[in-house]
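Peer 1: model the following, please.
(one chain, ligands or ions: 1)
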Amino acid sequence: MPHVDTHCPYCALQCGMRLAGTRVTPRGFPVNAGGLCQKGWTSGELLRSGERLTTPLIRRDGELTPATWAEALDLVAARLRELTAQHGPDSVAVFGGGGLTNEKAYLLGKFARVALGTSQIDYNGRFCMSSAAAAGLKAFGADRGLPFPVTDLADADVVLLAGANPAETMPPFVQHLRGAELIVIDPRRTPTAELAALHLAPAPGTDLALALGILHAVVAEGHLDKSFVDLRTAGFDDAWRLAAAWWPERAERVTGVAAADQRRAATMLGEARNAYVLTARGTEQHATGTANVGGWINLALALGLPGREGSGFGCLTGQGNGQGGREHGQKADQLPGYRKLDDPAARAHVAGVWGVAPESLPGPGRSAAELLDALGQPGGPKALLVFGSNVVVSAPRSRRVQDRLSALDLLVVADFVLSETAARADVVLPVTQWAEETGTLTNLEGRILLRRQAVVAPAGVRSDLDVLRGLATRLGQPAERFPADAETVFEELRAASKGGSADYSGVTYDRLRTGEALHWPVPAEDHPGTPRMFLDRFAHPDGRARFAAVDHTGPAELPDAEFPLQATTGRVLQHYQSGAQTRRIRELVDVVPEVFVEVHPDTAARAGLVEGERALVRSRRGETVARVRCVGSLRPDLVFLPFHFPGEGRANLLTNPALDPVSRMPEFKVCAVALSKVDAV
Ligand code: SF4
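Peer 2: Here you go, the predicted structure:
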């Protein structure tokens, strides 16, 4: 059978794979070097899923019933026209996703701002690594998760992983860490922590105090790279004024991490020839997420790591197109090319590419959590169009999200299965999935990839691009303004990105087809791309990186007599994000079929719970029922729940929607909870 070389449908590593029909085999590609995790190996089953949607559905008399495409698109367009005429363009909102291809993310932003004229667009990447993006932009002037190829990590002597668990979330990545001693910062003893030379387990929500304590030790023990700080950075004095108060013994009192271990981490990093500091969701998904990441960047800058070949700072992107998804204009405050929506020059450039007047483009809108919370409320959107996201499971305080969706006049969901969000829609539009269409994605190292079509889509489904075109033309837009062909959309995206920090203008499908490794920025067709950024200068006008003046404040919610424990949420190897895809794959469900709660055995005993029993976990926002897993290595004050599961097992029924003031990231990683037997309340 002929095969097609393509990429995995899931995480931001974007492992190379080969598809012969729906049969998956790995292939040599730099990020995975022939490896795949269990999710990747079993992803062909998604293409054979019997739960696949193949016809549009319209809710009639309370039931979703089959309809033709013309009926569905006519109905949606008519309702959008009515609502816009009655209540203005901001009465319609759009919600995108970090799994959408670059072309879809780009066209979705254009659709919202040109066809609908709404400012109300954001996407689920806001819940993923928006705080890392905000901190990276502030520090370096440009935000690329890893500003170096993952293969560079092979040269590291020491890698500090803050809130990152790649051994579970992206196992093929771990081969790049083989030569390094690992320092793992995580309140849980994760599979990655098991590989560490030094595992530091801070109390949940105290990441920044720990970063400050280690920075203090770095400076006190003479590891500050003074010439790098003087020549290539700004703001050290302000940052140090705050960090100077965090001697390791003080940080120990807040974090629970022994001062000696903080000093050991400082020595390991300071004495390493080559070292990296990498962050991920564990330290980013907090109401202090931007400050937390700023603290880790400060540490890396003090050691002189960023902008040096063989060393550096980076964030491990999560979603498949988490990087590209935040570059092309589906964010509330952003235009393509990673441009700011409120920048007059950016507006003029993008409006020129789109053939519209700059003043016709709306301004910045609400961030994802604020947008969801405003749905159906006075002054809030009355209609929501969702592409590539399952907010009923993935958004914080999900009972409230569910209620808000019910308050809408119109909910439209484009998906390829009936996700928990699609099941609540008024109109469901069945769309193509990964290997059924060609498109580009940008992986965690800023490498632009061509994910090729490998199978024919089932009859009845359409690409999201085709759906956007169908709606836009019904809303009075010229068809040529909304191409349905991915390569044509990409050609326009190139022009729109030109001159922006994420400049794709030199990338063509032909270059990608020949297998060229193109990391952005690629400002011309004869430019080789930029695998390593910042080697000569950072992206601020003066070429210097910025220290962040940050101090520890702690989590938004602390335990008390009623909610004496802290809960943190996260991922397991077998499932991806809201689980809409992986919960439909038998081999994955066989391993992890349902939500569980990890509890220290003493904590379980105090609640009268035993291994395997179903427990009630309550927070100020709701409660969930999960099966007890006793884990002796867990802190007794902490419980852990994976967030991939639906219904009453949603971890996000518990989570705190307190927002980071800079990035608007919700506090997924820590909230106060109580644990009891199901029948005890
Ligand atoms: Fe690779 Fe991530 Fe896919 Fe696993 S889920 S095979 S790590 S891209």
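Peer 1: near the ligand, which residues of the stretch 501-650 of the chain?
Peer 2: Proximity of the stretch 501-650 of the chain to the ligand, by CB under 6 Å from any ligand atom, involves no residues. For every residue, glycine as well, the C-beta is placed using N, CA and C.
Peer 1: show me what contacts whatever residue of the stretch 501-650 of the chain ends up closest to the ligand?
Peer 2: Closest residue of the stretch 501-650 of the chain to the ligand, CB to the nearest ligand atom: Y576 (6.5 Å). For Y576, the set of contacting residues under the criterion of CB atoms under 8 Å, 6 or more residues apart in numbering consists of 10-11, 39, 582, 644.
Peer 1: please redo it, this time with the cut-off set to 10 Å
Peer 2: Residues near Y576 by CB atoms under 10 Å, 6 or more residues apart in numbering: 8-11, 39, 43, 99, 169, 318-320, 582-583, 585, 588, 644.
Peer 1: and if you look at W296?
Peer 2: The neighbours of W296, taking CB under 10 Å, 6+ apart as the test, are 132, 135, 139, 160, 162-163, 185, 207-208, 210-211, 214-215, 277-279, 283-284, 313, 315, 548.
Peer 1: sec struct for it, please.
Peer 2: Classification of W296 by DSSP: H, G, I helix; E, B strand; the rest coil places it in helix.
Peer 1: could you report the distance from it to L675?
Peer 2: To L675, W296 is 31 Å away according to CB to CB, to the nearest Å.
Peer 1: what is the neighbour count of the residue lying closest to P555 once chain neighbours are set aside?
Peer 2: Beyond its immediate neighbours in the sequence, the residue positioned closest to P555 (CB to CB, 6 or more residues apart in numbering) is G205, lying 3.1 Å away. Number of residues near G205 (other CB atoms under 10 Å) recorded here: 27.
Peer 1: returning to that earlier point: so the residue of the stretch 501-650 of the chain closest to the ligand is in which element?
Peer 2: Element membership of Y576, judged by DSSP states H and E, is empty: it is in no helix or strand.
Peer 1: please tell me the pLDDT value assigned to it.
Peer 2: The per-residue pLDDT reported for Y576 equals 94.
Peer 1: kindly report the same for the one 4 residues further on.
Peer 2: You'll see A580 listed with a pLDDT of 94.
Peer 1: can you read off the backbone torsions of it?
Peer 2: Geometry field for A580 lists phi and psi as phi -60, psi -30, criterion degrees, to the nearest 10.
Peer 1: ok, and the closest non-adjacent residue to it?
Peer 2: For A580, ignoring the flanking residues on the chain, the nearest one in space by CB to CB, 6+ apart is S419 at 4.3 Å.
Peer 1: next one: that neighbour from H328, what distance?
Peer 2: Counting by CB to CB - S419 and H328 are separated by 23 Å.
Peer 1: quick check: mean pLDDT across stretch 557-568?
Peer 2: Mean predicted lDDT for stretch 557-568 stands at 97.
Peer 1: can you give me the end-to-end distance of it?
Peer 2: The first and final residues of stretch 557-568 sit 12 Å from each other (CA to CA, to the nearest Å).
Peer 1: show me the contacts for S43.
Peer 2: So, once contact is read as CB under 10 Å, 6+ apart, S43 ends up touching 8-10, 15, 17, 19, 22, 24, 36-37, 433-435, 576, 581-582, 585, 588.
Peer 1: which parts of stretch 223-241 are buried?
Peer 2: The neighbour-count criterion (16 or more other CB atoms under 10 Å) identifies 223-225, 228-229, 232-233, 235-236, 239-240 as the buried residues of stretch 223-241.
Peer 1: can you get me the start-to-end distance on that stretch?
Peer 2: Distance across stretch 223-241, first residue to last, is 17 Å (CA to CA).
Peer 1: what is the distance between that stretch and the centre of its chain?
Peer 2: On the basis of CA atoms, centre = their mean, to the nearest Å, stretch 223-241 is displaced by 30 Å from the centre of the chain it belongs to.
Peer 1: avg pLDDT for it?
Peer 2: For stretch 223-241, the per-residue pLDDT values average out at 98.
Peer 1: contact residues of this protein facing the ligand?
Peer 2: 8, 10-11, 13-15, 32, 36-37, 39-40, 170-172.
Peer 1: which of the residues you listed fall within strands?
Peer 2: Of the residues of the chain next to the ligand, none are assigned to strands by DSSP state E.
Peer 1: before we move on, back to that, any idea which of the contacts of Y576 has the most stuff around it?
Peer 2: Counting neighbours by other CB under 10 Å, the top entry in those is G320, with 31 neighbours.
Peer 1: how close does that one get to V427?
Peer 2: As for G320, its distance to V427 is 26 Å (criterion: CB to CB).
Peer 1: what helix or strand is whichever residue of the stretch 251-400 of the chain sits closest to the ligand located in?
Peer 2: Using CB to the nearest ligand atom, G320 is the residue of the stretch 251-400 of the chain that sits closest to the ligand, at 7.2 Å. Assigned by DSSP H and E, G320 belongs to no helix or strand.
Peer 1: export the helix or strand that contains T603 as CSV, just CAs?
Peer 2: When secondary structure is defined using DSSP H and E, the element that contains T603 is helix 601-606. As requested, the backbone C-alpha atoms of helix 601-606 are provided in CSV (Å, rounded to 0.1, in the frame of the first residue of the first chain):
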residue,chain,number,x,y,z
PRO,A,601,-2.1,7.1,51.7
ASP,A,602,-2.3,8.9,55.0
THR,A,603,-4.6,11.6,53.5
ALA,A,604,-6.8,8.8,52.1
ALA,A,605,-6.9,7.0,55.4
ARG,A,606,-7.9,10.3,57.2
